[in-house]
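**Q** coordinates only, sequence not included:
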């Protein structure tokens with residue numbers, strides 16, 4: 001019975017520590033930081049900057065595709 005209690009307590013502690021580390025890794029933070037802490041202003045600015053860069057890249061890709069299609073259309077129309 002004593003061995004079973006030790007195994008159960010060990011599993012519970014292991015799961016809690018694993019969740020703590022997992023949440024921090026999922027949020028791209030240090031493993032030992034507080035997973036319940038709010039994002040700092042620096043983190044918020046970093047995330048918004050990454051989103052802006054990603055969306056501008058997508059817009060550039062769409063613009064490039066449109067230009068390539070126009071160039072192909074103009075080549076086919078030439079005599």
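**A** Yep, it's here. Note that this is a predicted model, so its numbers are computed, not measured.

**Q** which SSE is residue 33 in?
**A** If you go by DSSP states H and E, residue 33 is not part of any helix or strand.

**Q** where's it relative to residue 9, distance?
**A** When distance is defined by CB to CB, to the nearest Å, residue 33 is 25 Å away from residue 9. In short, each C-beta sits where N, CA and C put it, glycine included.

**Q** so how far is the helix or strand harbouring residue 43 from its chain's centroid?
**A** With secondary structure defined by DSSP H and E, residue 43 is part of helix 41-77. Helix 41-77 sits 20 Å away from the centroid of its parent chain (CA atoms, centre = their mean, to the nearest Å).

**Q** Who are the packing partners of that helix?
**A** Counting contacts by 3 or more CB pairs under 8 Å, 6 or more residues apart in numbering; DSSP states H and E, helix 41-77 is packed against no other helix or strand.

**Q** I'd like the mean pLDDT over it, please.
**A** Taken as a whole, helix 41-77 carries a mean pLDDT of 88.
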